[in-house]
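Q: no sequence for this one, just the structure:
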């Protein structure tokens, strides 16, 4: 249990740092945006969203409702409090890629700053991830990947290598 809770903190911090370093405020750009200047450099204090005083909003979308995700959510909330971000976790109520896609697209419409996604099915969700990245929403995948997508990074176990090690 402790390991998964720590993993939630690590996952959330990785996503938050990636969001901060890639300047989430450049929505719609095809180029990788430059990192943000520290507060006080170059004028007004700027947040990770590129707007004065706006809180960074990060969403994690899991691949199901399993209690496996409970410790991750606890770690995510703790990290969000420490970093001053808004953190939201959503669990699809079934294992349908269409349901996960709808959840992701709903958050895209809200123009969140970053998402972490545990992909249900890469052929369906990969193109959605590409659309998110193109619109300026930074994405990492965790636990299950969409390796052919334009996501920033994948955080997870290589199950083939883990099986060999066992």
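A: Sure, I can see it. Worth saying up front: this structure is predicted, and the values here are computed from it rather than measured. Numbering: from 1, shown residues only.
Q: quick one: the closest residue to residue 130 other than its chain neighbours and residue 133, what's the gap?
A: In this structure, residue 130 finds its nearest non-sequential neighbour in residue 150, 4.9 Å apart by C-beta to C-beta, 6 or more residues apart in numbering. Backbone N, C-alpha and C define where each C-beta goes, glycine included. Here residue 150 is placed at a distance of 5 Å from residue 133 (C-beta to C-beta, to the nearest Å).
Q: between the two, who's got more neighbours?
A: Set residue 150 next to residue 133 and count neighbours by other C-beta atoms under 10 Å: residue 133 wins out with 18 against 14.
Q: For the more buried one, what is the enclosing helix or strand?
A: Residue 133 is part of helix 122-134 when elements are defined by DSSP states H and E.
Q: Who are the packing partners of that helix?
A: helix 97-109, strand 114-117, strand 138-142 (3 or more C-beta pairs under 8 Å, 6 or more residues apart in numbering; DSSP states H and E).
Q: Pull out the buried positions in that helix.
A: 122, 125-126, 128-133 (16 or more other C-beta atoms under 10 Å).
Q: do the same with stretch 73-91
A: 73, 75-77, 79-80, 83, 85, 87-91.
Q: and the end-to-end length of it?
A: Start and end residues of stretch 73-91 are separated by 11 Å (C-alpha to C-alpha, to the nearest Å).
Q: Which residues lie in contact with residue 147 in this structure?
A: Taking C-beta atoms under 8 Å, 6 or more residues apart in numbering, we find residue 147 in contact with 122, 154.
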